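**Student:** Just need the structure, nothing else, for what follows:
(one chain, ligands or ions: 1)
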Amino acid sequence: MSFYRPSIETILAVTRGDGPICAFLHDLSALGEQARALRAPLPPGTDFFYAVKANNDPQVLRALAPHVAGFEVASAGEIVRVRQAVGSAARIVMGGPARTEGDIRTLLAFGVERLHVESAQAMRLANAVAARAGATIPVLLRVNLAGPVPGATLTMGGAATQFGIEQSAIPDALTILRDCRALRFEGFHFHTVSNNRDAAAHAALCTAELAMARGLAAEHGLDLRIVNLGGGWGVDYADPDWRFDVIGFARALTPHAKGLRLQFECGRIVAAYHAAYVCEIIDLKQVHGRAFALLRGGTHHFRLPSSWSHNHPFEILPREEWSHPWPRPELLDTKLTLAGELCTPKDVLARDVPVPRARIGDLVCLQMAGAYGWDISHHDFLCHARPERIFLSSSRETTEQPA
Ligand SMILES: *Cc1c(COP(=O)(O)O)cnc(C)c1O
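**Tutor:** Reported below is the predicted structural model:
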């Protein structure tokens, strides 16, 4: 498997060139291949959805559409976005907390096939809206496990979080659901951890969740058709070449899948690898013993490393042009901190990373920038110009100029 590393020639060829470079570049062909490779080892009949919140760009959605079962959305806005990008045929399932009446109306209007409910209030609201419309909504109940659960970067279940219905409250939720005549129970939903890098531990967690779903169904006399095991397959930002063992994961899980339709809804592992965020070095300085590269760009475009307090993987792409009459500043064999253009010390993308050379005018190429990057960032903070967003594929090249 690969990750996207655009060459300096490609970057110079596809960017506008009317100022310092700041651009997201996406390889849409590789993105599609990535989804296909993740889906292939799963048991036959498994639905592999893409979790839209990782990257909701219409071009990303269109590139993925042929290679996934459909799209998992968490808001009415994401429903509309998927329909506009890929049309009426795409399958959509909806999850997430804090559901409103408007969400349910949008779900019905746009042909969303299933709702993952996370509370009694959400069930009653969905039931009321569906009944009024003369519709039936198939639902999965999202379970927040009693825990503890194996370690990962983010934990949504097995802990005191706002997600799902806690395991001990599931029997009461099922009682309420029985009275919701406009909802149809189809199974359970689990999205317990995000960025789990241990495929064996993730398979063990999913196996336990499947056993719990079967146990609950047997105990309560339910027709269990579907278990959605969420997303959470990990990536390693410290090692872009490392890969989650999808084949081992699928092999461990397959014997436990008999008689059920399994579903997954992965975001990060699908979208992370095949985009890069490229920023020109605007300035270099040494302050109190630390070496800084100041970039055209920063956390207002790419908040992920500051959100996770990690050093984002990058390489420096040397550029030879230098148009100023003064000597070109450079740092050699230094530990470099990548800072953005915002007036806050939090605007840091990597800290004290050894580099052989950095010069003003060179490009910093941040890798694995496709998931939870642009989409989670505070674009208007300080009103700096937006990055170019460039979508390349082997057959064509499309560019969306910033607004
Ligand atoms: C965010 C989310 C996902 C995707 O998680 P990844 O860790 O990106 O794979 C799936 N399901 C739900 C309910 C989510 O909130």
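**Student:** going forward, measure contacts and count neighbours with C-alpha atoms only.
**Tutor:** OK.
**Student:** Domain-wise, how is this protein divided?
**Tutor:** 8-25+275-369+373-400, 41-271 (automatic domain parsing).
**Student:** Mind checking those for the one nearest to residue 33?
**Tutor:** Residue 33 lies closest, by CA to CA, to one member of those: domain 41-271, at 7.8 Å.
**Student:** and the closest one, how far out from the chain's middle?
**Tutor:** Mean C-alpha position of domain 41-271 versus that of the full chain (CA atoms, centre = their mean, to the nearest Å) differs by 14 Å.
**Student:** Show me which residues of the stretch 51-200 of the chain sit near the ligand.
**Tutor:** Counting by CA under 6 Å from any ligand atom, the stretch 51-200 of the chain comes close to the ligand at 51, 54, 95-96, 191, 194-195.
**Student:** how about 5 Å then?
**Tutor:** Residues of the stretch 51-200 of the chain lying close to the ligand (CA under 5 Å from any ligand atom) are residue 194.
**Student:** Kindly report the same for the stretch 201-350 of the chain.
**Tutor:** 230-232, 265-268.
**Student:** Narrow those to those in strands?
**Tutor:** The strands, defined by DSSP state E, take in 265-266 from those.
**Student:** I'd like to know which of the residues of the stretch 201-350 of the chain next to the ligand are buried.
**Tutor:** 230-232, 265-268 (16 or more other CA atoms under 10 Å).
**Student:** Relative to residue 15, which of the residues you listed is nearest.
**Tutor:** residue 268 (25.9 Å).
**Student:** my guess is that closest one meets residue 232, correct?
**Tutor:** Yes: counting by CA atoms under 8 Å, residue 268 does reach residue 232; the two are 7.5 Å apart.
**Student:** anything in contact with each of those two?
**Tutor:** Here residue 268 and residue 232 have residue 195 as joint contacts, going by CA atoms under 8 Å, 6 or more residues apart in numbering.
**Student:** Model confidence for the residue lying farthest from the centre of the chain, exactly?
**Tutor:** Using CA atoms, centre = their mean, the residue of the chain lying farthest from its centre is residue 325. It sits 44.9 Å away. Looking at residue 325, its pLDDT stands at 98.
**Student:** Please confirm that residue 305 is located within a strand.
**Tutor:** No: using DSSP: H, G, I helix; E, B strand; the rest coil, the assignment for residue 305 is helix, not a strand.
**Student:** so it makes contact with residue 347?
**Tutor:** No: Residue 305 is not in contact with residue 347 according to CA under 8 Å; the separation is 9.5 Å.
**Student:** what residues are shared contacts of those two?
**Tutor:** By CA under 8 Å, 6+ apart, the residues touching both residue 305 and residue 347 are residue 299.
**Student:** I'd like the distance between residue 160 and residue 259.
**Tutor:** Residue 160 sits at a distance of 32 Å from residue 259 (criterion: CA to CA, to the nearest Å).
**Student:** Compare those two and say which is more crowded by neighbours.
**Tutor:** residue 160 (13 against 9; other CA atoms under 10 Å).
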